[in-house]
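Undergrad: could you work out the structure for the sequence below:
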Amino acid sequence: MLGDCAYGTGELREYLQDQGHTLVIKPPPVRTAVPGGFTIDDFRIDPAAGTATCPAGRTANLGQVKADGARTAQFKRLCADCPLREHCTTSKTGRTVNIHPQHGLLAAARAQAATDPAWQDEYRRWRPPVERAIAWLVAKGNRRVPHRGVIANNIWLHHRAAALNLRRLINLGLTRTSITWHLAPATT
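TA: Sure thing, here's the model as predicted:
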């Protein structure tokens, strides 16, 4: 499965992997509390032990599991005299780290996207043609569907895609003869 970071949520990743798909989906970026500072990937999260350890080596307990499966580590007093505080947080009460229910899955995806050359090559190979096709589809005011109703818009979309495919074939210089030759079964 190929996708950009809009399709990189933990829930979707988990579902697609359970279905047996190989994912080439860019993971969503992680935010920093301080520009250029530490992200959640710089913390060691151990859900089994219920702890989170910051880059300075200070450990906080993970809170109770919330209804959505998330957990929170509050470093509060541990940040008071931390030498790395300016790279971690601007909060007066200390750093709080929210742990996503699929944190391990998302962290592994970020690591793979950053370090695996095979994954990077696959993503670079397929993303530009997909983005180009989407750009062609939505060009010239076609970002929104023009009709009311699913059936009319489904017909419009299929006609638009067929017209774009035909235009592409013409631009490639393919004629009816060459298309027929390519589609004809081989004779012996």
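
Undergrad: so how far is residue 149 from residue 92?
TA: According to Cβ to Cβ, to the nearest Å, residue 92 and residue 149 sit 55 Å apart. The C-beta positions use only the backbone N, C-alpha and C, and glycine is treated the same way.

Undergrad: okay, these two: which has more neighbours?
TA: residue 149 (9 against 6; other Cβ atoms under 10 Å).

Undergrad: quick one: secondary structure of residue 90?
TA: coil (DSSP: H, G, I helix; E, B strand; the rest coil).

Undergrad: which residue, other than its chain neighbours, is closest to it?
TA: Among residues not flanking residue 90 along the chain, residue 34 sits closest, at 6.1 Å (Cβ to Cβ, 6 or more residues apart in numbering).

Undergrad: okay, now that neighbour: neighbour count?
TA: 14.

Undergrad: got it, and residue 99?
TA: Neighbours around residue 99, by other Cβ under 10 Å: 21.

Undergrad: quick one: low-confidence ranges for the chain?
TA: Applying pLDDT under 70 to the chain flags residues 175-188.

Undergrad: that one: strands as residue ranges?
TA: 2-3, 24-25, 44-46, 51-53, 59-61, 71-74, 96-99 (DSSP state E).

Undergrad: now do the second one: distance to the chain's middle.
TA: Right, strand 24-25. 7 Å (Cα atoms, centre = their mean, to the nearest Å).

Undergrad: and if you look at the fourth one?
TA: Averaging C-alpha positions (Cα atoms, centre = their mean) puts strand 51-53 25 Å from its chain's average.

Undergrad: helices along this structure, start to end?
TA: 10-18, 103-115, 117-138, 150-171, 176-183 (DSSP state H).

Undergrad: also compute the angle for the second one relative to helix 117-138, please.
TA: Which is helix 103-115. 90 degrees (axes from the mean of the first three to the mean of the last three Cα atoms, to 10 degrees).

Undergrad: kindly check the end-to-end length of stretch 68-79 for me.
TA: 27 Å (Cα to Cα, to the nearest Å).

Undergrad: buried residues, it. List them.
TA: 71, 72, 73, 74, 75, 78, 79 (16 or more other Cβ atoms under 10 Å).

Undergrad: then stretch 99-109?
TA: Buried residues in stretch 99-109 (16+ other Cβ under 10 Å): 99, 100, 101, 102, 103, 105, 106, 107, 109.

Undergrad: coming back round to it: correct me if wrong: the residue nearest to residue 90 contacts residue 89.
TA: Yes. Contact criterion Cβ atoms under 8 Å: residue 34 and residue 89 qualify, at 6.5 Å.
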